[in-house]
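Peer 1: any chance you can model this:
(one chain, ligands or ions: 1)
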Amino acid sequence: MDTDAYESITRNTAEVVTNEEIHALAESPENRRAYVGYEPSGVLHVGHMLTANKLIELQSIGFDIIVLLADVHAYLNGKGTFAEIRETASQMREQFIAYGLDSDQTEFILGSSFQFDEEYILDLHALEAETSLARSNRAMAAIKGDETATVAHAVYPLMQALDIVYLDVDLAIGGTEQRKVHMLARDTLPSIDADAPACLHTPLIADLTTGIGKMSSSSGVSISIEDDTTTLTKKIESAYCPPTATPDPSGEGEPRYNPVLQLFEYHVFPRFDDVVIERREKHGGDLSYETYDSLEADLESGDLHPADAKEALAAYLDTLIEPGRAKVRDERK
Ligand SMILES: N[C@@H](Cc1ccc(O)cc1)C(=O)O
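Peer 2: Okay, the predicted model is just below:
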């Protein structure tokens, strides 16, 4: 077995389904197809970047990568008029490439380019007939936000399941909030004689200022590819960063995580071999880390001060988003 490939696939994941299926993919990763679907939102934010890091990693071990720009899904989820969404979708391709996806090895597909085909619609109706509203609603709960569930929300996860078949995907990737849709896909696709995909879920990053709940552009401070250096630095400076990675029970049942450490673990270390924290000589001079664990250990022991960690984090994130930021700037000219 190729343990390196298995390591690459599973690193920084919250969950894989199933482990046996991932082992099988790791045996021969060449030309396997992995995908993530995104509701186009105009500019990439930290949530897009987290799954994109995984796509970049899988690309480097031979996977074919498909990025679905899910315009119809965004429409069903109330994100604007269809015309607006489609316009936004086309801007995101350039940002993903600037972020690090290989333009020759990534297929960008607009959902509407195949989701109106007769065959797709008929399969969709077959899935609708197989699925209870309750199950569909449960699958959507973590995706749709607080809105009242509509019929469109009930159709959404079934289309997401069907995309996996029509894009001929071996591995479906998404944040943890996608897991119930993927489980629905695994249970329901056999009813139309389609194979269920293996799944991989990336962890959620905690809210930047409180460490509670998830970082989200709609309900708190998020990091986006548009942030200029000053904005980004200010956001990171005001982040919650206790000297520990261990979740602290907040008292209301929701644990508090350290989002600064999470950003190092899931965004910085996967993209840089060495992470250097610059410090003045009188503060002990530069620190250099090859692994996330060693950085975490230094923060916990007090050898690394949260303020120094934050300053370095802001600089690394700035480097990661700069190429995409330049694209956004060009588009607006
Ligand atoms: N559900 C995804 C978007 C998506 C849509 C269709 C898919 O096939 C895959 C993913 C999100 O929450 O953003």
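Peer 1: quick one: low-confidence ranges for the stretch 151-300 of the chain?
Peer 2: Scanning the stretch 151-300 of the chain for pLDDT under 70 picks out nothing.
Peer 1: got the residues of this protein near the ligand?
Peer 2: Proximity of the chain to the ligand, by Cβ under 6 Å from any ligand atom, involves residues 37-39, 68, 70, 73, 143, 160, 163, 178. In short, each C-beta sits where N, CA and C put it, glycine included.
Peer 1: between those, which is closest to the ligand?
Peer 2: When those are ranked by distance to the ligand (Cβ to the nearest ligand atom), Gly37 comes first, at 2.2 Å.
Peer 1: before we move on, back to that, and of the residues of the chain next to the ligand, the nearest to Glu107?
Peer 2: Leu68 (9.2 Å; Cβ to Cβ).
Peer 1: what's the closest non-adjacent residue to the closest one?
Peer 2: Gly37 (3.8 Å; Cβ to Cβ, 6 or more residues apart in numbering).
Peer 1: partner strands of the helix or strand that the one you found is a member of, with direction?
Peer 2: Assigned by DSSP states H and E, Gly37 belongs to strand 33-38. Note on strand 33-38: by DSSP bridges, its sheet partners are strand 64-69 (parallel), strand 171-175 (parallel).
Peer 1: please produce CSV containing the ones you listed, extended by mean neighbour count.
Peer 2: Listed next are the strands paired with strand 33-38 as CSV, based on neighbours: other Cβ atoms under 10 Å:
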stretch, mean neighbour count
strand 64-69, 23
strand 171-175, 24
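Peer 1: out of these, which is closest to Asp207?
Peer 2: Across those (criterion: Cβ to Cβ), the nearest stretch is strand 171-175, sitting at 14.5 Å.
Peer 1: what's the next secondary structure element after that closest one?
Peer 2: Criterion used, DSSP H and E; the element after strand 171-175 is helix 179-188.
Peer 1: after that next one, which helix or strand is next?
Peer 2: Using DSSP H and E, the first helix or strand after helix 179-188 is strand 198-202.
Peer 1: each with direction, which strands does that following strand pair with?
Peer 2: strand 15-17 (antiparallel), strand 171-175 (parallel).
Peer 1: for the shortest one, what is the distance to the chain centroid?
Peer 2: So the one you mean is strand 15-17. The chain centroid and the centroid of strand 15-17 are separated by 14 Å under Cα atoms, centre = their mean, to the nearest Å.
Peer 1: what helices and strands are in contact with the helix or strand just after that strand?
Peer 2: Heading C-terminal from strand 15-17, the first helix or strand you meet, by DSSP H and E, is helix 19-27. When contacts are defined as 3 or more Cβ pairs under 8 Å, 6 or more residues apart in numbering; DSSP states H and E, helix 19-27 packs onto helix 3-10, strand 198-202.
Peer 1: buried ones in helix 19-27?
Peer 2: For helix 19-27, the neighbour count (16 or more other Cβ atoms under 10 Å) marks 21-23, 25-26 as buried.
Peer 1: can you show me the helices along the stretch 51-200 of the chain?
Peer 2: If you assign secondary structure with DSSP state H, counting those that start in this stretch, the helices in the stretch 51-200 of the chain sit at 71-76, 82-99, 118-130, 133-144, 151-166, 179-188.
Peer 1: and for the first one, what's in contact with it?
Peer 2: Helix 71-76 is touched from outside by 37, 39-41, 80-82, 85-86, 89, 110-112, 115, 152-153, 155-156, 159-160, with contacts defined as Cβ atoms under 8 Å, 6 or more residues apart in numbering.
Peer 1: any of these buried? List them.
Peer 2: 37, 39-41, 80, 85-86, 89, 110-112, 115, 152-153, 155-156, 159-160.
Peer 1: contacts only, for the nearest residue to Ala141 once chain neighbours are set aside.
Peer 2: Spatially, and ignoring its direct neighbours in sequence, Ala141 is nearest to Lys180 (7.3 Å; Cβ to Cβ, 6+ apart). For Lys180, the contacting residues are 138-142, 157, by Cβ under 8 Å, 6+ apart.
Peer 1: cool, Pro190 as well?
Peer 2: Ala196.
Peer 1: now do the residue nearest to Ala141 against Arg280, distance only.
Peer 2: Computed with Cβ to Cβ, to the nearest Å, the distance linking Lys180 and Arg280 is 49 Å.
Peer 1: hmm, back to that, so what's the residue nearest to Leu68 up against?
Peer 2: Going by Cβ under 8 Å, 6+ apart, the list of residues near Gly37 reads 67-70, 73, 111, 160, 163, 174.
Peer 1: can you redo the residues you listed as a markdown table with distance to Leu133?
Peer 2: A markdown table is the format used below for the contacts of Gly37 (distance: Cβ to Cβ, whole Å):
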| residue | distance to Leu133 |
| --- | --- |
| Val67 | 30 |
| Leu68 | 25 |
| Leu69 | 28 |
| Ala70 | 22 |
| His73 | 18 |
| Gly111 | 23 |
| Gln160 | 16 |
| Asp163 | 21 |
| Gly174 | 22 |
